[in-house]
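**Q** Predicted structure and sequence below. I'll ask about it afterward.
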Amino acid sequence: MGRSALRALGVVLAIVAAVVALAVTAVVVVSVFVGWNALKDPLASAVSGALGRNFAINGDLDVDLGRVTRIRMSGVTLENAEWAKDPANMVEIGSLDVGIDLLRLLSGDIVIDPLRIDKPKVYLTKDKNGDANWQFGKPQQDQQPTSRKNLPIVREIAISDGVLAYKDAKSGNDIDLTLASLQGGSDDQGVRVTADGTYQRQKLAVKASAGALGKLRNEGEPYPVDVDVAVGGLKATAKGTVAKPQTFEGLDIDLSVKGQNLANIYAIAGVPAPPSPPYSLKGHLSHDGTRWRFADFAGALGGSDLRGTASVDTSGGRLKADADLSSKLLDFDDIGVLVGGKRDEEKKADEQAKKEDRPRDDDGKVLPRKPIDLSKLREMDANVKFRAGQIRAPGLPVDDLNADITLDKGVLRFKPAALKLADGSVRLYLTLDGSVQPAGVDIDARVSQVDLKKLMRGTGFAKESAGTLGGHAELSAKGNSVAEILGSANGGMFMVMAGGTISHLLVELAGLDIAQSLGVAVSGDEPIPIRCVVADLKAQDGLFKVNSMVFDTSDTKIVGGGTINMSDEKLDLRLTPYPKDFSPLSVRTALTVQGTFKNPQAFPDPADLGVEGVAKKVVNAILTPIAGLLPPIDEGVGKDSDCGALIAQAKQAAQ
């Protein structure tokens with residue numbers, strides 16, 4: 001190093017020494033002869049100028065000089081942003097006691113020992129544009145520490161009687177928290193937090209503990225956390241570690257959650273979820289970048305078990321969820337809640353009212369009328385796979401449910417949902433467009449090769465039934481409930497059945513013994529074998545009109561007609577028997593089925609149907625439309641079924 005450089009360095013050191021000496025002299029003079037309160041206004045003015053907001057020390061200011069300099073002040077306030085003047089101050093502090101290691105500060109480390117805050121009140125808010133009241137000057141991108149070693153060193157912290165309020169006009173998040181205490185240190189004493197208040201206007205309680213503050217800066221050493229949270233109807237316990245506490249990434253957490261309704265999660269986490277019965281789940285929570293993942297969880301959802309993995313990605317403008325779920329035993333009642341069915345507590349209330357003979361909220365309707373909240377569908381995209389082995393559905397032998405579900409910009413699709421029913425299959429292709437109001441619905445449901453004996457097991461009909469059942473429905477509709485959707489449906493549907501007996505079938509479907517009314521028996525109640533049943537219906541604005549309906553038995557054809565009004569839930573059907581072999585003992589009394597879905601009424605409706613020739617023309621006229629249903633009939637019940645003869649007759653009638 002040259003002499004000139006050494007001379008310049010000496011001059012710089014001399015200037016620095018002189019400045020330090022003058023500063024120390026000024027501090028000593030102020031502390032001894034004037035007092036630290038004389039510096040309140042100059043200090044407040046300097047901070048106000050730097051932040052662009054009014055900063056004030058309304059109480060006392062005191063400083064204890066030393067390597068670790070202690071600063072104490074009371075009545076501290078920091079003005080709120082100009083656009084967020086409710087309340088007037090963003091920060092209010094009853095008293096502040098902070099120690100700063102000046103020597104370590106000169107080397108670039110921020111070492112605080114201690115930090116004690118009493119009665120702090122902090123009001124944070126964001127406007128609809130995303131601007132925050134804690135941004136000073138021009139908005140800048142968040143500068144998060146890239147390394148844990150860049151975090152301040154806090155040897156001791158104690159905060160008591162605090163208040164934190166956070167409101168986000170853009171997302172709707174709303175927190176009001178009363179902090180009873182927060183204590184921690186850098187030694188083996190960990191951090192402990194207790195707080196309560198409200199989150200999204202729901203009651204909130206928090207108890208948490210974490211590792212010693214000194215471990216926050218230890219690169220490569222996971223930081224331990226243990227949190228118990230109760231908010232609304234949800235209780236969660238999280239225990240594990242965080243690899244990057246400065247960014248809250250690298251979570252390795254065992255998470256347990258339970259609550260009364262999954263739909264309530266939206267108000268808490270902003271993640272749309274369907275309504276559900278009470279649930280309890282345990283799994284592993286991780287966080288990497290913008291992706292949150294709840295993996296290998298298992299638990300219960302109502303009377304069903306549930307397991308799988310689900311993740312949510314927050315990187316885009318819309319949440320993106322992926323889930324792979326399964327259930328060994330699925331209770332169908334738990335699915336019914338999704339489409340407006342009654343929850344357990346509602347069913348129990350109805351049962352109790354019935355026992356006590358009290359009036360119930362009963363409008364006489366059968367179809368669920370509770371609106372399905374579809375507004376949340378527009379806030380998230382999703383891909384979900386769901387599998388269920390055994391299914392508990394009273395009276396129905398169903399199992400092996402497989403559903404592939406997508407949600408894209410408010411449009412929900414099942415493509416498809418399939419299950420086994422009595423050795424047959426049911427496949428449902430459903431599109432539910434929640435991006436419009438009322439929601440648009442397209443339904444394509446296919447039933448094939450369902451075994452009647454197994455389907456009707458446990459009933460009197462099962463003893464003598466045989467054959468198969470099939471059908472197909474293609475409907476389009478609009479509505480936000482099952483009742484609205486069916487009440488506005490347009491399209492068509494048909495059902496075909498081969499095998500069974502007429503007497504027991506009608507007992508099961510109508511709850512009445514009407515065999516003799518139909519003329520299928522003239523003495524006793526001997527069941528008459530059914531060879532084939534075909535029903536073809538056309539729907540317009542919820543009114544299902546019978547296009548063709550034929551019961552083909554060994555000695556009688558029964559022709560049906562009329563309408564089923566899904567909007568009013570009313571029946572207006574007529575069944576008329578036509579004996580194949582004319583006999584004076586043959587009874588040709590028609591049967592009318594009217595009333596509502598909940599209270600159907602069937603009664604004889606005698607009519608003079610004329611001689612055999614007229615009856616044959618009527619039957620042929622009814623049979624003619626069936627000829628066009630040959631391919632779907634074959635698919636539904638099989639080419640070798642007893643429907644073959646009926647189809648052949650339909651073809652002959654169509655010629």
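**A** Received, thanks. Just so we're clear, the structure is a prediction, and the values are computed from it rather than from any experiment.
**Q** count of neighbours near the closest residue to residue 277 other than its chain neighbours?
**A** Nearest non-adjacent residue to residue 277, counting by CB to CB, 6 or more residues apart in numbering: residue 302, 3.1 Å away. C-betas here are computed from N, CA, C, even on glycine. Residue 302 is flanked by 19 other residues according to other CB atoms under 10 Å.
**Q** Correct me if wrong: residue 302 contacts residue 334.
**A** Yes. Counting by CB atoms under 8 Å, residue 334 is a contact partner of residue 302 at 3.9 Å.
**Q** joint contacts of the two?
**A** Counting by CB atoms under 8 Å, 6 or more residues apart in numbering, the shared contacts of residue 302 and residue 334 are 276-277.
**Q** Run through the helices of the stretch 451-600 of the chain in chain order.
**A** All helices of the stretch 451-600 of the chain, identified by DSSP state H, counting those that start in this stretch, fall at 452-455, 482-487, 502-510.
**Q** same thing with the chain?
**A** Under the criterion DSSP state H, helices of the chain are mapped to 3-29, 40-51, 102-106, 265-269, 332-336, 344-355, 452-455, 482-487, 502-510, 612-623, 630-637, 643-654.
**Q** what is the rounded mean pLDDT of the last one?
**A** Going back to what we said before, that points to helix 643-654. Helix 643-654 shows an average pLDDT of 60 in the prediction.
**Q** What of the first one?
**A** For helix 3-29, the per-residue pLDDT values average out at 45.
**Q** ok, now how distant is residue 272 from residue 280?
**A** Applying CB to CB, to the nearest Å, the value for residue 272 to residue 280 is 20 Å.
**Q** Neighbour count for these two, which is higher?
**A** Neighbours per residue, other CB under 10 Å: of residue 272 and residue 280, the larger number sits with residue 272, 21 against 14.
**Q** Wait, the more buried one touches residue 380, no?
**A** Yes. The pair residue 272 / residue 380 is scored as a contact, 5.1 Å apart, by CB under 8 Å.
**Q** Which residues are in contact with each of those two?
**A** Between them, residue 272 and residue 380 share the contacting residues residue 319, judged by CB under 8 Å, 6+ apart.
**Q** Find the nearest non-adjacent residue to residue 411, please.
**A** Using CB to CB, 6+ apart and skipping residues adjacent in sequence, the residue nearest residue 411 is residue 433, 5.1 Å away.
**Q** Give the residue spans of the stretch 51-200 of the chain that score low on pLDDT.
**A** Along the stretch 51-200 of the chain, segments meeting pLDDT under 70 span 137-146, 148, 171, 188.
**Q** any chance you could map the strands in it?
**A** Along the stretch 51-200 of the chain, the segments classed as strands by DSSP state E, counting those that start in this stretch run 55-57, 61-64, 68-79, 89-101, 111-126, 153-154, 156-168, 174-185, 191-199.
**Q** got JSON lines for those strands, with distance to residue 373 and mean neighbour count too?
**A** Below are the strands of the stretch 51-200 of the chain laid out as JSON lines (distance: least, CB to CB, whole Å; neighbours: other CB atoms under 10 Å):
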{"stretch": "strand 55-57", "distance to residue 373": "46", "mean neighbour count": "18"}
{"stretch": "strand 61-64", "distance to residue 373": "55", "mean neighbour count": "16"}
{"stretch": "strand 68-79", "distance to residue 373": "41", "mean neighbour count": "18"}
{"stretch": "strand 89-101", "distance to residue 373": "36", "mean neighbour count": "18"}
{"stretch": "strand 111-126", "distance to residue 373": "26", "mean neighbour count": "18"}
{"stretch": "strand 153-154", "distance to residue 373": "45", "mean neighbour count": "19"}
{"stretch": "strand 156-168", "distance to residue 373": "22", "mean neighbour count": "17"}
{"stretch": "strand 174-185", "distance to residue 373": "20", "mean neighbour count": "17"}
{"stretch": "strand 191-199", "distance to residue 373": "21", "mean neighbour count": "17"}
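**Q** Reformat those strands as CSV; add distance to residue 482.
**A** Shown next, in CSV, are the strands of the stretch 51-200 of the chain (distance: least, CB to CB, whole Å):
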stretch, distance to residue 482
strand 55-57, 60
strand 61-64, 69
strand 68-79, 55
strand 89-101, 50
strand 111-126, 40
strand 153-154, 57
strand 156-168, 36
strand 174-185, 33
strand 191-199, 33
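**Q** Out of the ones you listed, which gets nearest to residue 212?
**A** Residue 212 sits nearest to strand 174-185 of all the strands of the stretch 51-200 of the chain, at 6.5 Å, using CB to CB.
**Q** The closest one pairs with which strands, parallel or anti?
**A** strand 156-168 (antiparallel), strand 191-199 (antiparallel) (DSSP bridges).
**Q** how far off strand 111-126 does it point, in degrees?
**A** Using axes from the mean of the first three to the mean of the last three CA atoms, to 10 degrees, the inter-axis angle of strand 174-185 relative to strand 111-126 is 180 degrees.
**Q** List the contacts of strand 174-185.
**A** In contact with strand 174-185 (CB under 8 Å, 6+ apart) are residues 154-168, 190-201, 204, 206, 210, 212-213.
**Q** wait, doesn't the residue nearest to residue 411 sit right on residue 440?
**A** Yes. Using CB under 8 Å, residue 433 is in contact with residue 440, at 3.9 Å.
**Q** Among the strands of the stretch 51-200 of the chain, which comes closest to residue 450?
**A** strand 191-199 (49.2 Å).
**Q** Report the distance from the closest one to the chain centre.
**A** Once both centres are worked out by CA atoms, centre = their mean, to the nearest Å, strand 191-199 turns out to sit 27 Å from its chain's centre.
**Q** Give me the neighbour count for residue 278.
**A** 18.
**Q** any idea how far it lies from residue 262?
**A** Distance, residue 278 to residue 262, using CB to CB: 10 Å.
**Q** Which stretches in the stretch 451-600 of the chain count as strands?
**A** Under the criterion DSSP E, counting those that start in this stretch, the stretch 451-600 of the chain contains strands at 468-478, 490-498, 530-540, 543-553, 556-565, 570-579, 590-596, 600-605.
**Q** Show me the strands paired with the first one, marking each as parallel or antiparallel.
**A** Just to be clear, that refers to strand 468-478. When DSSP bridges is applied, strand 468-478 pairs with strand 440-451 (antiparallel), strand 490-498 (antiparallel).
**Q** Return the most buried member of those.
**A** The highest mean neighbour count among the strands paired with strand 468-478, using mean count of other CB atoms under 10 Å, belongs to strand 490-498: a mean of 21.
**Q** That one: how far from the chain's middle?
**A** Mean-position distance between strand 490-498 and its chain equals 33 Å (CA atoms, centre = their mean).
**Q** Now do that strand and strand 530-540, the angle between them.
**A** If you take the same axes, to 10 degrees, strand 490-498 sits at 180 degrees to strand 530-540.
**Q** State the mean pLDDT of strand 490-498.
**A** When pLDDT is averaged over strand 490-498, the result is 88.
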